[in-house]
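[1] when you get a sec, could you give me coordinates for this:
(chains A and B)
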Amino acid sequence: MKALTEEALTTYLSRHSPAWRDISVSGLHRLPLGASRETFRFDLSYTDDSGAHNDRLILRRDPPASNVDSDRRHEYESYRAIHGHGVPVPRMVLLEEDPEPFGGAISLSEDLRGFHNSEYQLQEPAWRDRLPHIAQQFWTSMGILAAVPVENLDLSFMKPSTVSTTAMQELDYWEDTLDRHDVGPEPIVRAAIRWMRRNPPPPAQKLSMVHGDFRAGNFLYDDSGNLIAVLDWEMAHMGDPLEDLAWSFARVFCFGKDDRRCGLAPREDAIAIWEKASGLQVDPKALHWWELLICVKGQGIWNSCAHVWSEGTNRDVIHAYAAWWLRNAQDRAILELMGKL
Amino acid sequence: MRPFVPAATADLAERLRTDIVPEVAGFRAGNVGMTAAMLDMIGQEWDRAAARLVEENSAMRALLVRGAALIGGPQPLDDPNADLHVSALEAANEALRQGLITLQSTIEERIDDEARALDEAIWDELRRSVERRRIASANF
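    Alright, predicted model coming up:
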């Protein structure tokens, strides 16, 4: 992968924005965030006709191979679509889809510094009394996203979907992901897929913008536990809002290694918060189907980690680590949901 | 090998966490931390891999023999554990797991008692397999 340098960024920005003068890029470094995209932080200063500017920015770059099929435009447009609709997100600044300047497409966004995003920090004793407040903020934000009418959003860049087609559309997509990233026969996830096809869920109550990775670790919070911004929208799509709720219930994301979902709160509490914020009711049978779907999705992603590492197309440590750490836990979660554990 | 491999990997992992992680930051610290966690997993797997694969291969072979008697079809390998190299056991394991998928997808919609009992036996073995494969540090 091409080295990302301050010089390359300065040269690029000079060409991209000819009106900017005295451009300076400093403090560029990669952040330990996520497996699917590379994330960097830097400071930018420049002068234009309106005066001097000092910006703190995040740069995300598409790697040559990833555990998630997405691209810069998709995430960039997802952030722009939801911005201003009640779910706090960073402001997008620039999209460069040409891979030539940096070895992969990039996007720039504002960098909301001084906040936390660690899902593990929340399990430290010092944070325990703030968890109910964080849970309230987290599942309320998810409920607000579920409630936004998709007609009010520009989601024209997304794959079309309907309340009737979204379930099988997602199952088809993630089964295909498993097929394309085969790392050996998997009796448990394949049995789950067959059961899901025999027992489809009811149509979605409404079509929503689904974040696709709404969990602890993917939002910023302050010292008081207030949710500042929801991050990582590269898997956003139109679908059943129960999908986000189900993803947040994933056993592999129970970072407290107990029944608190996302390491924050029991599922009953989370459902009550989400229902109040979304104005929707949770159908337990439908939620169960979606919880199985997100297990298939999870296994598709963890297998993709193993696949890209094994193929040598992306040897980031996190890909090997995630595959080892998560694949069996994901199988156990499927067995629990199917009443076989 | 001496020192015993799990003891060595555990010690190396701890040294990475206590000596190296504090000396680096950000992305590099994350990579070192994950490398330490992977050393812990290597230690756990090094000790149990052959045992769990032999047990699992024998159990799956018995299920496939039972399945062949019920629905016909090919018998599985005579002895999936003839070669005790982990790579050979893994290869046999994959062939058996593929056979199990085919067998279960064939019988799971049958309603006769024999098929129901075999399906439940397959689920029992799948449950045992995830317990054998559990990662000590996993969230679930």
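[2] can you tell me the centre-most residue of chain A?
    A:D213 (3.3 Å; Cα atoms, centre = their mean).
[3] packing partners of the top helix by length along chain B?
    Secondary structure of chain B per DSSP state H: the longest helix is helix B:26-71. Secondary structure elements in contact with helix B:26-71, counted by 3 or more Cβ pairs under 8 Å, 6 or more residues apart in numbering or on different chains; DSSP states H and E, are strand A:21-30, helix A:317-337, helix B:5-15, helix B:86-107, helix B:113-132. In short, each C-beta sits where N, CA and C put it, glycine included.
[4] what's the distance between the first one and the middle of its chain?
    Just to be clear, that refers to strand A:21-30. Centroid separation between strand A:21-30 and its chain, computed with Cα atoms, centre = their mean, to the nearest Å, is 27 Å.
[5] show me the strands in chain A, by range?
    A:21-30, A:38-48, A:51-61, A:92-96, A:106-110, A:208-210, A:219-221, A:227-230, A:237-239 (DSSP state E).
[6] redo those as CSV? Include mean pLDDT, mean neighbour count and distance to chain B.
    Below are the strands of chain A laid out as CSV (pLDDT from 0 to 100; neighbours: other Cβ atoms under 10 Å in any protein chain shown; distance: least, Cβ to the nearest Cβ, whole Å):
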stretch, mean pLDDT, mean neighbour count, distance to chain B
strand A:21-30, 96, 14, 4
strand A:38-48, 96, 18, 9
strand A:51-61, 97, 16, 13
strand A:92-96, 96, 17, 22
strand A:106-110, 97, 21, 17
strand A:208-210, 98, 27, 23
strand A:219-221, 98, 23, 16
strand A:227-230, 98, 20, 20
strand A:237-239, 98, 23, 25
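[7] now do the longest helix of chain B against helix B:5-15, angle only.
    Relative orientation of helix B:26-71 versus helix B:5-15 (axes from the mean of the first three to the mean of the last three Cα atoms, to 10 degrees): 150 degrees.
[8] what's the average pLDDT for helix B:26-71?
    Helix B:26-71 shows a mean pLDDT of 97.
[9] hmm, back to that, for the helices and strands packed on helix B:26-71, which one ends up most surrounded?
    helix A:317-337 (a mean of 22; mean count of other Cβ atoms under 10 Å in any protein chain shown).
[10] find the closest residue to chain B in chain A.
    A:P32 (3.1 Å; Cβ to the nearest Cβ).
[11] the closest residue in space to that residue that isn't next to it in sequence and B:S137, how far apart?
    Nearest non-adjacent residue to A:P32, counting by Cβ to Cβ, 6 or more residues apart in numbering or on different chains: B:G30, 3.1 Å away. B:G30 sits 16 Å away from B:S137, taking Cβ to Cβ, to the nearest Å as the criterion.
[12] neighbour-wise, which of those two wins?
    Of the pair B:G30 and B:S137, B:G30 is the one with more neighbours under other Cβ atoms under 10 Å in any protein chain shown, namely 19 against 13.
[13] wait, the more buried one sits on A:R30?
    No - checked against Cβ atoms under 8 Å, the pair B:G30 and A:R30 is beyond contact range at 9.4 Å.
[14] got a list of what B:D47 touches?
    Counting by Cβ atoms under 8 Å, 6 or more residues apart in numbering or on different chains, B:D47 makes contact with B:5-6.
[15] my guess is A:L153 meets A:I82, correct?
    Yes - contact status for A:L153 versus A:I82: in contact at 6.8 Å, counting by Cβ under 8 Å.
[16] need the overlap of contacts for these two.
    The contact lists of A:L153 and A:I82 share A:M209, where a contact means Cβ under 8 Å, 6+ apart.
[17] more neighbours: which of these two?
    A:I82 (23 against 18).
[18] quick check, pLDDT for residue 126.
    I went with chain A, as the question did not name one. Per-residue confidence (pLDDT) for A:A126: 98.
[19] nope, chain B please
    At B:L126, pLDDT is 98.
[20] that one and A:L335 touch, don't they?
    Yes - with contact defined as Cβ under 8 Å, B:L126 counts as touching A:L335 (6.7 Å).
[21] what touches both of these two?
    Counting by Cβ under 8 Å, 6+ apart, the contacts common to B:L126 and A:L335 are A:I188.
[22] tilt between the lengthiest helix in chain A and helix A:317-337?
    What stands out as the longest helix in chain A, according to DSSP H, is helix A:284-311. Per the same axes, to 10 degrees, the angle that helix A:284-311 makes with helix A:317-337 is 150 degrees.
[23] ok, is helix A:284-311 in contact with chain B or not?
    No - judged by Cβ under 8 Å from any Cβ of the partner chain, helix A:284-311 stays clear of chain B, getting no closer than 11.0 Å.
[24] what residues of that helix count as buried?
    A:286-309 (16 or more other Cβ atoms under 10 Å in any protein chain shown).
[25] what's the end-to-end length of stretch A:143-162?
    End-to-end distance for stretch A:143-162, by Cα to Cα, to the nearest Å: 19 Å.
[26] what lies in contact with stretch A:95-105?
    A:1-2, A:4, A:8, A:12, A:16, A:38, A:61-64, A:71-73, A:76, A:106-108.
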